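Asker: how would this look folded up:
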Amino acid sequence: MEPGSSSCPRGDGNPRESSPFINNTDDDKGTLYDGKNMALFEEEMDSNPMVSSLLNKLANYTNLTQGVREHEEADEDEGAKKKTVKSPQMGTFIGVYLPCLQNILGVILFLRMTWIVGTAGILESFIIVSMCCSCTMLTAISMSAIATNGVVPAGGSYYMISRSLGPEFGGAVGLCFYLGTTFAGAMYILGTIEILLTYIVPSAAIFKAEEKAQEADALLNNMRVYGTCCLTLMALVVFVGVKYVNKLALVFLACVVLSILAIYAGVIKTIFEPPVFPVCLLGNRTLQNHDFDKCMKTEIIDNLTVTTKLWSLFCEGPELNASCNEYFSLNNVTEIQGIPGLTSGVISENMWGSYGPAGMLVEKAVPSVPASVASQDKYMPYVANDITTFFTLLVGIYFPSVTGIMAGSNRSGDLRDAQRSIPIGTILAIPCIVIIIKSILKYLSCVVVFGACIEGVVLRDKFGDSVKGNLVIGTLSWPSPWVIVIGSFFSCCGAGLQSLTGAPRLLQAIARDGIVPFLQVFGHGKANGEPTWALLLTAVICESGILIASLDAVAPILSMFFLMCYLFVNLACALQTLLRTPNWRPRFKYYHWALSFLGMSLCLALMFISSWYYALVAMLIAGCIYKYIEYRGAEKEWGDGIRGLSLNAARYALIRLEEAPPHTKNWRPQLLVLLSLDSELSVKHPRLLSFTTQLKAGKGLTIVGSVLEGTYLTRESDAKRAEQSIKSAMAAEKTKGFCHVVVSSNLRDGFSHLIQSAGLGGMKHNSVLMAWPANWKQSNDPQSWRNFIETIRETTAAHQALLVAKNVDSFPHQERLAEGTIDVWWIVHDGGLLMLLPFLLQQHKVWRKCKMRIFTVAQLDDNSIQMKKDLQMFLYHLRLNAEVEVVEMHDSDISAFTYEKTLVMEQRSQMLKQMQLSRTEREREIQSITDESRSSIRRKNQSGAHGSAVNNQNAQLIHDRNTASHAALNDNSDATPERVHMTWTKEKFCTERTRNREPNASVAVRDLFNMKPNQSNVRCMHTAVKLNEVVVNKSQGAHLVLLNMPGPPKSRGGDENYMEFLEVLMEGLNRVLLVRGGGREVITIYS
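Answerer: Below is the predicted model:
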């Protein structure tokens, strides 16, 4: 290797994952080794780089935006010139902590937590929070292990799942997680609009309800209009750039933290001085405190009893004698404190839940006088349930509050120093677990605090109608409810922006992996890597969630998608741990496969607890995506755990199969298909693969093999090209199986090696399928049909069945055959394979309309009627539907035609032997002349003569090293060796050769015309001719004819006659399948 001056290229990021080799970059191919210390290894330096070069690449790892370098390398392979992408310089705090905190401390805490505690009660709320937080905690542990097992580029959770479970699972779960993140954005936007229109500026509502019954519809329409406007504004902010989202995130997070502190400060203050938020009760019913300021029916002003605004809400007029609502007349009005304080003992009242249907009034457990008619209650200003409440619904609504742990992982490609942040666990491991522990403590403490400080009817008042429209959690805060209102508003805005930032990046990572073809357009973006097209699709999907317009309806939907993602994160960790793959070396050590399985089980349970029909829909969506990726796009090898699991399962199954041979009931043809390739390494008979597909219907083992002549060192590239050609043909013919190309010194040995060694353990072939050598008579090389006969002998010795297809190119491809027959000629018993094959073919759509007919031959002393009955009974027990016919073949005299055909066959064989003998003699003559010339030259050299003088005076031999082999391959018997020059003249050589051959030739010709056919050959030809006449007469119109294949002669001298017998046997038939059993029963009458 010559020394060069080119410098070693610096490392450029991720090695391309699709290549398993050490050095697979084109840049390194030009790097020359310059030095003498490692000269021993310099020849391998192109493929095995120096350790210093490898370490240099690893040390210079950079993770660009959406950064997986493999995408840029793929683009460079296509010739596209990539621009340098500038990465947003985000650290761990901005890149991870902020997204996680803003999603965890979000909309559910501020808008629904108090309602969940009031509806479910403290005990059941504890159960809900514990289940959801435990699920998230276990998932965070699994995710920490996966995240610290190497660099996690763009895609976050999708990248982790896809590289652990494979592209099918990764794509399915990644898209589900993308949908969940997108719907989370819709939920946060709906929360933002709910806070805006309900607590900040209620007067801004566009749609207003004239009656109480229309309030719900008006609120939904307002949510749709304002939600769409808010989505458009947020999408524009994200489009401008993620750096602006990060700047806003600091402001939003400060508001969130202040809100949390205000809540706990208010809780402490209630011990000494509870805030004043009176709640008005009519009997035991809670009233909406919007349209009246005094909780009394009448009041005394200037010694006069006058009615209040509350009176006018229940009576037809302000007069004292006006007609009033019955319940209003029967019950008194009382006022209680909405926030009695931490030491009030209200915690005992809030211990148990209060579920009910939509429209159920929020009531306190105090005595009251019921009214006889309750039909008018829905028009009265009572606080009522807006939806039907039950435990599982609350689980689905609450779960999104603990889904923020992956908000930072979606932006893993935007980190400033991924090499530092990811391996040491700062991106996922430590922050997530700390955040989850904090959130568990926070939520559990909130459950106790809310239940101990707030009156139960106020807790169950979702929109704060009983406390003058205040946010319920805001009534507990200090110094003012507005701290919580503003904080929750900004929290929802920030969480919405984080979702709209993370979801497009997740979709872009999926699209750039190329596993879902129709999503590839979303892998493109702006020059700085921002996912523009993905953002557009995210906004469209998010708009569909906003059109639902109900936070309580959207929350269970995204819960399903998140739970699906968490389930597979736990599965990935458990699988990698149990398989103990060598690459599984996470830096985070506090994990265990049992914890991952527990988390996976909890995720699955929560899915069906929250909503069984949403769970089924989510699984159906994931299943459809999985099958689509498997069918269209998954051609990736990422070293995933599912592949490792498959390898382990395959090893276990192979060991089990090795224990005992398969039972007859389990026998099916495990095929070794022997293909021939042309000079261009293309498959000669692709219909052989079609027939394999039709025979197997995708079941069992199929090994497609071929042989190349030569040595592996010289034809290694040809072997790979041939393998690729066969795989392409298999894909075109829809043949599922394995490909095996062998390079051998000759075809016979190659096919022998395949027959002996193809397969592994108990998963070996038991049948060989090959095409009939159609042009064996016209071939100048008898080795082709001799290889065919030797293959028959070797399959017989290996106890394997043999199937030989004649006219295989006329076999059907994928077109369905019209009604017809598959005719079986059962001459000798072969273990039942002749009857099993048509049944297997009929399972395929191509042969489904074909009926089976079975013919058998009766001799003179056979009872053909009884044979037919016995055969019908045998087929009945075999559960095979077939027509049965017994053909009688009586002994007859051998016809002159048979005698003559046998004679012609033997004469042809004798002539070929003579021609072969002539070639052999010619080779011997050449060799003797060559030897004589060499000895003459040697004698002259030994006598001491100079070489130049000898060369000038005498004719010398100029001999090519390949003369003998070239002459052996020359089929023309009269050809002379052109490359041999000697002291003999050409005329002398020809005269001598003719003189030596004339006696032998004349004797050979006389023997050829005077010979008589061998009686054994005459009988065999007679059988072939007579059987062929019967088969042609009965089955010439059949779609396929199956025949017993007679075995080859024990003596190799009759091989050519054997080929002639088979040719005569199949003459006049179009599609024929010769079948030779493997020496064992393959079909049984027993169940």
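
Asker: alpha carbons only for contacts and neighbour counts from here, please
Answerer: OK.

Asker: quote the end-to-end distance of stretch 771-789.
Answerer: The stretch stretch 771-789 measures 12 Å between its terminal residues, going by C-alpha to C-alpha, to the nearest Å.

Asker: what sits up against that stretch?
Answerer: With contacts defined as C-alpha atoms under 8 Å, 6 or more residues apart in numbering, stretch 771-789 is touched by 674-675, 685, 688, 747-748, 804-808, 971, 1048, 1055, 1059.

Asker: among those residues, which pair sits farthest apart?
Answerer: Across those, the longest distance by C-alpha to C-alpha is 31.5 Å; it joins L688 and D971.

Asker: what ranges in the stretch 1-150 of the chain fall below the confidence cut-off?
Answerer: 1-105, 150 (pLDDT under 70).

Asker: try the stretch 351-500 of the chain
Answerer: 404-439.

Asker: which parts of it are helices?
Answerer: 391-398, 418-421, 429-453, 456-459, 472-475, 481-513 (DSSP state H, counting those that start in this stretch).

Asker: those helices: which one's closest to L261?
Answerer: helix 481-513 (9.7 Å).

Asker: and the next helix or strand past that closest one?
Answerer: Sequence-wise, the next helix or strand downstream of helix 481-513 (DSSP states H and E) is helix 532-548.

Asker: what packs against that next one?
Answerer: Helix 532-548 makes packing contacts with helix 167-195, helix 215-240, helix 481-513 when contacts are defined by 3 or more C-alpha pairs under 8 Å, 6 or more residues apart in numbering; DSSP states H and E.

Asker: now the longest one: how far from the chain's centre is it?
Answerer: Same thing as helix 481-513. Taking C-alpha atoms, centre = their mean, to the nearest Å, one finds helix 481-513 lying 30 Å from the centre of the chain it belongs to.

Asker: let me see the contact set for the residue positioned nearest the centre of the chain.
Answerer: The centroid of the chain falls nearest to E168 when counting by C-alpha atoms, centre = their mean (2.7 Å). By C-alpha under 8 Å, 6+ apart, the contact set of E168 is 162, 625-627, 629-630, 634.

Asker: now do Q1015, the pLDDT please.
Answerer: With respect to pLDDT, Q1015 scores 63.

Asker: for the one 3 residues further on, same thing?
Answerer: Reported pLDDT at V1018 in the predicted model: 72.

Asker: just give the nearest non-adjacent residue to L282, would you?
Answerer: In space, and not counting its chain neighbours, L282 is closest to V333: 4.5 Å by C-alpha to C-alpha, 6 or more residues apart in numbering.

Asker: how close does that neighbour get to Y327?
Answerer: V333 is 11 Å from Y327, by C-alpha to C-alpha.

Asker: who has more neighbours out of these two?
Answerer: Shown here are V333 and Y327; by other C-alpha atoms under 10 Å, Y327 has more neighbours (20 against 17).

Asker: which of the helices or strands spans that one?
Answerer: Using DSSP H and E, Y327 falls in helix 326-330.

Asker: what does that helix rub up against?
Answerer: 282, 314, 369-373.

Asker: quick check: buried residues in that helix?
Answerer: Neighbour-count burial for helix 326-330, with 16 or more other C-alpha atoms under 10 Å as criterion, is recorded at 326-328.

Asker: format those as TSV; extra columns: pLDDT and distance to V742.
Answerer: Listed next are the buried residues of helix 326-330 as TSV, based on pLDDT from 0 to 100; distance: C-alpha to C-alpha, whole Å:
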residue	pLDDT	distance to V742
E326	88	96
Y327	90	94
F328	90	96
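
Asker: so which of the helices of the stretch 351-500 of the chain gets nearest C255?
Answerer: C255 lies closest to helix 481-513 among the helices of the stretch 351-500 of the chain, at 4.7 Å (C-alpha to C-alpha).

Asker: what's the angle from that closest one to helix 532-548?
Answerer: Between helix 481-513 and helix 532-548, the angle comes out at 130 degrees (axes from the mean of the first three to the mean of the last three C-alpha atoms, to 10 degrees).
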